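> Got a predicted model here, sequence first, then my questions.
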Amino acid sequence: MARGTQHRKRGTGPNARKPQPATVATHHKQRPPQWQEELFFQRLRNHAKPVFLLLAVMFALTFVFLGVGSGSNGITDALQNAFHFGSASTGASVSSLEKKTQKNPGDVQAWRDLATAYETKQRTHDAITALEQYTGLRPKDTGALAELAAQYNKQAQAYAGDYQAAAASVSAVTPVGAAFAPPATSPLGKAFNDANALKDPIASAVQTLQQDKENTAFSNYSTAQSNAEATYKKIVVITPRDPNAQLQLAQSAQSASDAKTALAAYQAFLKLSPSDPLAPHVKQQIKALKAQTAATTSASSSK
């Protein structure tokens with residue numbers, strides 16, 4: 001029998017298998033199972049549009065408010081523009097204030113602002129000059145006077161550093177010819193080491209220069225301390241009942257080697273504020289100053 005005859009025609013009898021109806025294609029997407037709905041990325045995909053919209057709004061606000069990518073500091077720039085912080089560089093403000101004071105030397109506020117600008121730039125000498133001009137126009141401004149005295153003290157500290165450096169240089173100076181000096185026991189060696197005989201001209205010149213620097217630094221230091229003391233005296237005249245002013249005057253006078261003024265100011269401080277925590281220290285200073293004054297008086301009497 002031929003191979004093709006093996007395919008028999010479907011039976012139509014009662015036991016014949018009924019053909020299944022063709023599956024109708026549907027365009028409705030089946031809903032994923034519940035466990036898949038609970039997955040993070042599946043939920044993110046289902047709610048993508050609201051999330052992306054929120055991210056877009058936040059991204060835009062970031063660019064506008066924080067200044068991302070614009071080369072600015074965002075919030076800092078906004079605050080600076082609102083409150084004028086850092087609106088101009090310190091150098092520019094100094095320059096404009098200098099011109100303002102030159103144009104109108106009687107402008108009190110300009111001198112005050114210029115002093116503050118100098119202090120910000122650590123220009124102590126210029127700050128002192130500006131504060132002197134200001135306090136000359138406002139002699140009863142105790143806050144400005146205290147600031148001026150503080151600047152004098154700062155200046156004195158700088159001069160003290162210069163003095164110490166100059167003193168160290170003087171002690172370190174070594175005669176140039178010392179390395180080639182003859183034996184100390186020889187006649188020439190004895191003459192070489194005699195200060196009244198032979199002198200190294202180079203070493204002598206260097207030592208003289210360093211001594212001049214030392215003397216200048218000490219003189220500047222003394223002047224700055226005296227200026228600070230004089231300024232605190234002005235404050236005490238304006239506010240004689242202020243114990244803090246008395247204490248500052250005492251300390252400044254003591255640094256200026258004015259034992260008499262320091263002693264009187266310390267005693268005034270104790271009278272105004274006997275229970276102050278600094279009272280024990282002040283009493284020690286009074287005792288030391290009295291001993292110093294007695295020794296100075298004794299030395300002067302013995303001459």
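Thanks, I have it.

> how many other residues sit next to residue 281?
12 (other C-beta atoms under 10 Å). (Glycine included, C-beta is placed from N, CA and C.)

> gap between it and residue 288?
In this structure, residue 281 lies at 11 Å from residue 288, with C-beta to C-beta, to the nearest Å as the measure.

> Looks like residue 152 contacts residue 232 (just checking).
No. With contact defined as C-beta atoms under 8 Å, residue 152 does not reach residue 232; the gap is 9.3 Å.

> what about residue 150, neighbour count?
Residue neighbour count, defined by other C-beta under 10 Å, stands at 17 for residue 150.

> For it, list the residues it contacts.
By C-beta atoms under 8 Å, 6 or more residues apart in numbering, the contact set of residue 150 is empty.

> mind listing what's buried in the helix or strand where it lies?
When elements are assigned from DSSP states H and E, residue 150 belongs to helix 142-172. In terms of neighbour count (16 or more other C-beta atoms under 10 Å), helix 142-172 has its buried residues at 142, 144-156, 159-160, 162-163, 166-167, 169-170.

> Could you pull up the mean pLDDT of stretch 118-131?
Taken as a whole, stretch 118-131 has an average pLDDT of 97.

> For it, list every residue counted as buried.
For stretch 118-131, by 16+ other C-beta under 10 Å, it's 118-119, 124, 126-131.

> tilt between the strand or helix carrying residue 214 and helix 142-172?
Secondary structure assigned from DSSP H and E places residue 214 in helix 201-238. In terms of direction (axes from the mean of the first three to the mean of the last three C-alpha atoms, to 10 degrees), helix 201-238 departs from helix 142-172 by 160 degrees.

> which residues does residue 137 contact?
Taking C-beta under 8 Å, 6+ apart as the test, what residue 137 contacts is 106, 108, 111.

> Sorry, slip of the keys, the one I care about is residue 127.
When contacts are counted by C-beta under 8 Å, 6+ apart, residue 127 touches 115, 118-119, 151.

> Select from those residues every entry located in helices.
115, 118-119, 151 (DSSP state H).

> Make a markdown table out of those residues and add distance to residue 254.
Listed next are the ones in helices among the contacts of residue 127 as a markdown table, based on distance: C-beta to C-beta, whole Å:
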| residue | distance to residue 254 |
| --- | --- |
| 115 | 27 |
| 118 | 28 |
| 119 | 25 |
| 151 | 19 |
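
> Among those, which one sits closest to residue 219?
Nearest to residue 219 among those is residue 151, at 18.6 Å by C-beta to C-beta.

> ok, the closest one to residue 230 distance?
13 Å.

> same question, residue 159
Counting by C-beta to C-beta - residue 159 and residue 230 are separated by 17 Å.

> next one: residue 244
Shown here: residue 244 relative to residue 230, a distance of 18 Å by C-beta to C-beta.

> Also residue 156?
For residue 156, the distance to residue 230 - C-beta to C-beta - is 13 Å.

> Repeat that for residue 251.
Residue 251 is 14 Å from residue 230, by C-beta to C-beta.
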